[in-house]
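Chemist: Just need the structure, nothing else, for what follows:
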Amino acid sequence: MCAAVYILSTVTGYVLTSALLLKCPTLVHRKKRERFLGRHISHRGGAGENLENTMAAFKHAVDLGTDMLELDCHLTKDEQVVVSHDHNLQRVCGRNANISELAYAELPPYFCRLGVTFQRGCFCNGGDDKRIPLLQEVFEAFPNTAVNIDIKINNDTLIRKVSELVVQYDREHLTVWGNSSNQVVKKCYKENPQIPVLFSLPRVLQLLGLFYSGLLPFVPLKEQFLEIPMPSIINKLKDPNSLTRSQRVIAWLADRLLMRKALFQHLTARGIQVYIWVLNEDEDFQRAFDLGATGVMTDFPTRLRDFMNRKAISKPQ
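Modeler: This is a model prediction of the structure:
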């Protein structure tokens with residue numbers, strides 16, 4: 001009987017303490033300093049309105065007032081840091097070659113028309129700007145705009161050169177970087193701990209485990225940004241008739257596990273921003289902000305701007 005009472009009182013104490021610290025994490029954790037606030041985030045510069053990852057796309061998004069540009073980086077044969085999502089140029093340029101195999105001057109231009117990855121059946125027709133830009137050009141053109149950098153490959157030279165550019169252009173306070181790979185994120189953090197990092201995929205899974213076990217309020221976190229998909233959008237990205245029952249169940253379960261308002265509120269109270277990607281419709285924008293997400297990443301920056309204006313969603317001061 002005594003043992004049962006002891007176990008019950010211990011478990012009760014743990015649950016109550018965890019619930020309290022989930023609501024009030026600053027009782028044990030110092031809130032991370034928010035160097036910038038990303039509400040409106042343009043995915044690949046806004047791949048639904050201009051050719052992805054081009055200077056034209058970035059300029060259009062910045063002119064609209066986007067808070068953050070999301071982009072992807074690779075390294076050329078002559079060690080230039082370029083902005084491109086794919087390592088192979090077949091999809092975007094029609095040439096079956098890897099960026100790492102070509103010097104920067106040898107990179108072909110983008111197609112005039114590219115599919116929008118996160119909008120089913122949608123294509124973007126570009127203008128005159130079909131050139132793959134250098135990361136340096138983005139930093140020079142938009143010195144006051146935050147940039148979210150996806151380090152697309154596990155390459156020490158790429159990580160070092162991106163860090164050097166961030167330091168050179170005094171952007172440690174306006175940059176976040178990372179990758180789904182935990183190894184890449186660890187290398188980024190080791191290379192320059194002054195640049196905030198994203199949660200990798202293994203760390204997201206660990207975060208969920210800590211949250212559902214009640215341990216999250218007790219654990220320190222080095223990351224400052226959680227960037228996750230909204231799993232339910234798979235029903236819009238694929239033909240509903242092509243989804244199997246198991247795929248629909250997995251998407252539903254992942255959505256239930258990831259899209260948790262209590263988790264988002266806890267993280268934001270600790271100064272960790274929560275970004276949900278890639279959302280392109282008003283109902284998904286609304287759901288993300290209702291759940292307490294800090295920001296939304298979109299292919300259609302004009303659409304998101306108009307939504308935020310209509311709903312009076314505050315912009316960073």
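Chemist: for the chain, what spans make up the helices?
Modeler: Per DSSP state H, the chain carries helices over the ranges 2-23, 55-64, 90-93, 135-141, 156-168, 182-191, 201-213, 234-237, 245-258, 261-269, 282-290, 301-310.
Chemist: which one of those is the most hemmed in?
Modeler: Across the helices of the chain, averaging neighbours per residue (mean count of other Cβ atoms under 10 Å) puts helix 55-64 on top, at a mean of 20. To be clear about C-beta, it is placed using only N, CA and C from the backbone, and glycine gets the same treatment.
Chemist: List the residues that contact the most centrally placed residue in the chain.
Modeler: Residue closest to the average C-alpha location in the chain (Cα atoms, centre = their mean): residue 227, at 4.0 Å. Listed by Cβ atoms under 8 Å, 6 or more residues apart in numbering, the contact set of residue 227 reads 148, 178, 198-199, 275, 277, 297.
Chemist: Repeat the analysis, applying 6 Å as the threshold.
Modeler: Contact criterion Cβ atoms under 6 Å, 6 or more residues apart in numbering gives 198, 275 as the residues in contact with residue 227.
Chemist: ranking the helices of the chain by mean pLDDT, which is last?
Modeler: With a mean of 84, helix 2-23 has the lowest mean pLDDT of these.
Chemist: now it: how far from the chain's centre is it?
Modeler: On the basis of Cα atoms, centre = their mean, to the nearest Å, helix 2-23 is displaced by 36 Å from the centre of the chain it belongs to.
Chemist: contacts for that helix?
Modeler: For helix 2-23, the external contacting residues (Cβ under 6 Å, 6+ apart) are 214, 217, 266.
Chemist: how about a cut-off of 8 Å?
Modeler: Surrounding helix 2-23, the residues in contact under the criterion Cβ under 8 Å, 6+ apart are 27-28, 214-218, 262, 266.
Chemist: Dump those into JSON lines; add distance to residue 242 as well.
Modeler: What follows is these, written out as JSON lines (distance: Cβ to Cβ, whole Å):
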{"residue": "27", "distance to residue 242": "49"}
{"residue": "28", "distance to residue 242": "47"}
{"residue": "214", "distance to residue 242": "39"}
{"residue": "215", "distance to residue 242": "39"}
{"residue": "216", "distance to residue 242": "37"}
{"residue": "217", "distance to residue 242": "41"}
{"residue": "218", "distance to residue 242": "43"}
{"residue": "262", "distance to residue 242": "34"}
{"residue": "266", "distance to residue 242": "37"}
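Chemist: which of these are buried?
Modeler: Listed as buried from the contacts of helix 2-23 are 216-217, 266; burial here means 16 or more other Cβ atoms under 10 Å.
Chemist: how close does residue 127 sit to residue 48?
Modeler: Using Cβ to Cβ, to the nearest Å, residue 127 is found at 14 Å from residue 48.
Chemist: Repeat that for residue 256.
Modeler: 28 Å.
Chemist: Next: residue 174.
Modeler: Between residue 174 and residue 48 the distance is 24 Å, computed by Cβ to Cβ.
Chemist: the more surrounded of these two?
Modeler: When residue 174 is set against residue 48 and neighbours are counted by other Cβ atoms under 10 Å, the residue ahead is residue 48, at 24 against 20.
Chemist: The more buried one against residue 304, yeah?
Modeler: No: with the criterion set as Cβ atoms under 8 Å, residue 48 and residue 304 do not qualify as a contacting pair; they are 10.3 Å apart.
Chemist: anything in contact with each of the two?
Modeler: If you check residue 48 and residue 304 against Cβ under 8 Å, 6+ apart, the residues they both contact are residue 298.
Chemist: Using the record's domain definitions, break the protein down for me.
Modeler: Domain assignment for the chain, taken from automatic domain parsing, gives 44-196, 199-310.
Chemist: Alright, I will stop here.
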